[in-house]
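Trainee: Let's see this in three dimensions:
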Amino acid sequence: VYVYDQDGAEVHRMAKHLEPEHLSYLPFHFLLASAGHAGWLKYNDVSTGQFVAEHNTKAGAPRSLAQNPQTAVLCLGHGNGVCSLWSPAQSK
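Mentor: Numbering: from 1, shown residues only. Just a heads-up that it's a prediction; the model follows:
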């Protein structure tokens, strides 16, 4: 995943976001979240480019990603009917 500025110059290269299928930007927290085919949810701070957190959903690849922008909680929907809620601050 790459982030570019308005002039087209590369600002950040987010190497840990491998094969993202869903992206979500949390504007109040300056976080970019990605959910990939391997079932990992990863967060990156777009203001500094620092990697913040990653969580293994243990439910496979998500089919959907939604957010609550006020709380930075993400909801992942999986093919087996499971909806899981995730926060960048949680440890498990």
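
Trainee: SS state for the residue nearest the centre of the chain?
Mentor: Nearest to the geometric centre of the chain sits Ala33, at 1.7 Å (Cα atoms, centre = their mean). What DSSP: H, G, I helix; E, B strand; the rest coil gives for Ala33 is strand.

Trainee: For it, give me its contacts.
Mentor: Going by Cβ atoms under 8 Å, 6 or more residues apart in numbering, Ala33 touches Leu23, Ser24, Tyr25, Leu26, Leu41, Lys42, Tyr43, Asn44, Leu65, Gln67, Leu74, Pro88. The C-beta positions use only the backbone N, C-alpha and C, and glycine is treated the same way.

Trainee: Can you read off the pLDDT for it?
Mentor: Turning to Ala33, the model gives it a pLDDT of 90.

Trainee: and what of His17?
Mentor: pLDDT at His17 comes out at 65.

Trainee: Show the contacting residues for the closest residue to Ser87 other than its chain neighbours.
Mentor: Spatially, and ignoring its direct neighbours in sequence, Ser87 is nearest to Val73 (5.3 Å; Cβ to Cβ, 6 or more residues apart in numbering). Val73 is in contact with Gln67, Leu85, Trp86, Ser87, counting by Cβ under 8 Å, 6+ apart.

Trainee: Recalculate using a threshold of 7 Å.
Mentor: Val73 is in contact with Leu85, Trp86, Ser87, counting by Cβ atoms under 7 Å, 6 or more residues apart in numbering.

Trainee: and what of Val11?
Mentor: Val3, Tyr4, Asp5.

Trainee: Among the contacts of Val73, which are located in strands?
Mentor: Mapping the contacts of Val73 onto strands (DSSP state E) picks out Leu85, Trp86.

Trainee: ok, the contacts of Val73 vs Gly60, which is closest?
Mentor: Nearest to Gly60 among the contacts of Val73 is Trp86, at 14.8 Å by Cβ to Cβ.
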